[in-house]
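1. Using only what follows, build the 3D model:
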Amino acid sequence: MTTITLPPDLEGRLDAEARRRGTTLELLALDGLRRLFASPAGDNGAAGQGTLLDFLAGHIGTVAGATEPYSEDCGKRFAEGLSQKQQRGQL
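-> Residues are numbered from 1 along each chain as shown. Take a look at the predicted model:
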């Protein structure tokens, strides 16, 4: 957490505006800072980006994948790899 010390002139203007809006000086300041620095979509930063497909449109198809289904039998493949390393004396 950060504490910000406001100069008297700015504090006075914020306080007057907060009273006019029926809120607190702190909430008004936080609202203003969020509008300046926070992403409009919240924490994910995806505002105005469209879908993930839209975001990746220029990059889709640029990486050649393997034809072998590496996600199948992962445990068996791992065990076989360890066994081969052990046989070569690398484990």
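
2. List the residues that contact Q87.
-> Applying CB atoms under 8 Å, 6 or more residues apart in numbering to Q87 gives no contacts. Every residue, glycine included, has its C-beta placed from N, CA and C.

3. what about it, distance to L33?
-> Going from Q87 to L33 by CB to CB, to the nearest Å gives 61 Å.

4. for T51, same thing?
-> 29 Å.

5. L6 - how many residues pack around it?
-> 13 (other CB atoms under 10 Å).

6. whoops, G22 was the one
-> 6.

7. now D15
-> 14.

8. Identify all contacting residues around the helix or strand containing it.
-> For D15, the host element (DSSP states H and E) is helix 8-21. Residues from elsewhere that reach helix 8-21 (CB under 8 Å, 6+ apart): L6, T24, L25, L27, L28, A29.

9. go again using 6 Å as the cut-off
-> T24, L25, L28 (CB atoms under 6 Å, 6 or more residues apart in numbering).

10. ok, for the first one, nearest residue in space, not its chain neighbours?
-> Translated: T24. A18 (5.7 Å; CB to CB, 6 or more residues apart in numbering).

11. One more: the last one?
-> Computed as CB to CB, 6+ apart, the closest residue to L28 that is not its neighbour in sequence is A18, at 4.4 Å.

12. Quick check: the one you found vs A66, distance?
-> From A18 across to A66, the span is 60 Å (CB to CB).

13. Of these two, which one has the most company?
-> The neighbour comparison of A18 against A66 (other CB under 10 Å) goes to A18, with 17 against 6.

14. in stretch 67-85, what's buried?
-> For stretch 67-85, a neighbour-count test (16 or more other CB atoms under 10 Å) marks nothing as buried.

15. cool, stretch 25-40 as well?
-> In stretch 25-40, counting by 16+ other CB under 10 Å, buried: L25, L28, A29.

16. low pLDDT regions in the chain?
-> 39-49, 60-65 (pLDDT under 70).
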